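**Q** this is a predicted model, with the sequence first.
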Amino acid sequence: MEIKKLATGLVVASFIGIGVFSNPQQVSAATWHKGTPSALRGHWRTGIFHYGGFPCYDTLTVSKHMLNDMIHAIGSSADAAAPTIWYPKYRYLGNHLYKFKGMGIGGFKAHCWIKWRGHNSISVKTNQNKRVWHYYR
């Protein structure tokens with residue numbers, strides 16, 4: 001009697017084991033997430049550079065639902081809006097690198113890459129040019 005219970009238990013356990021190991025679920029960590037990572041949120045700025053005859057600096061504001069970039073000219077009242085991404089989605093690419101996509105100015109698709117270099121430093125590369133911008137808090 002006990003041998004029959006033991007044999008039945010082994011058969012059931014073997015079928016369960018075969019079912020668990022023969023059909024693994026496909027899990028992908030490389031999915032698009034809504035919003036922005038909390039480590040990147042906040043106000044960032046570049047050092048001073050010269051553009052159009054004026055010394056300028058660039059600011060980047062990263063919130064949950066928007067990446068807003070603005071160029072400020074020192075000594076002039078003119079500020080220029082650079083590419084902005086609304087309703088961002090991001091994908092973690094590894095090694096503190098994120099790819100963002102979303103709606104840009106005029107409703108067109110926009111994307112950029114942001115590398116988190118530490119608590120006070122990030123690097124941003126947009127799809128418009130090959131230049132990498134370095135920001136700090």
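**A** In hand now; what should we look at?

**Q** and stretch 125-132, which residues are buried?
**A** Across stretch 125-132, burial judged by 16 or more other CB atoms under 10 Å covers 125, 126. Any C-beta I mention is one placed from the backbone N, CA and C, and that applies to glycine too.

**Q** cool, and stretch 103-110?
**A** Residues of stretch 103-110 classed as buried: 104, 110 (neighbour count, 16+ other CB under 10 Å).

**Q** quick one: the strands in the protein?
**A** Ranges of strands within the chain are 33-34, 42-45, 49-51, 54-62, 66-73, 79-81, 85-94, 97-103, 109-118, 121-126, 132-136, based on DSSP state E.

**Q** now the last one: buried residues?
**A** Just to be clear, that refers to strand 132-136. Within strand 132-136, the residues scored as buried using 16+ other CB under 10 Å are 133, 135.

**Q** kindly export that strand (C-alpha atoms) in PDB.
**A** Output of strand 132-136 as PDB, limited to C-alpha atoms (Å, rounded to 0.1, in the frame of the first residue of the first chain):
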ATOM      1  CA  VAL A 132      27.100  64.900 -26.500                       C
ATOM      2  CA  TRP A 133      26.100  67.500 -23.900                       C
ATOM      3  CA  HIS A 134      27.400  67.200 -20.400                       C
ATOM      4  CA  TYR A 135      25.000  68.400 -17.600                       C
ATOM      5  CA  TYR A 136      25.500  68.800 -13.900                       C
END
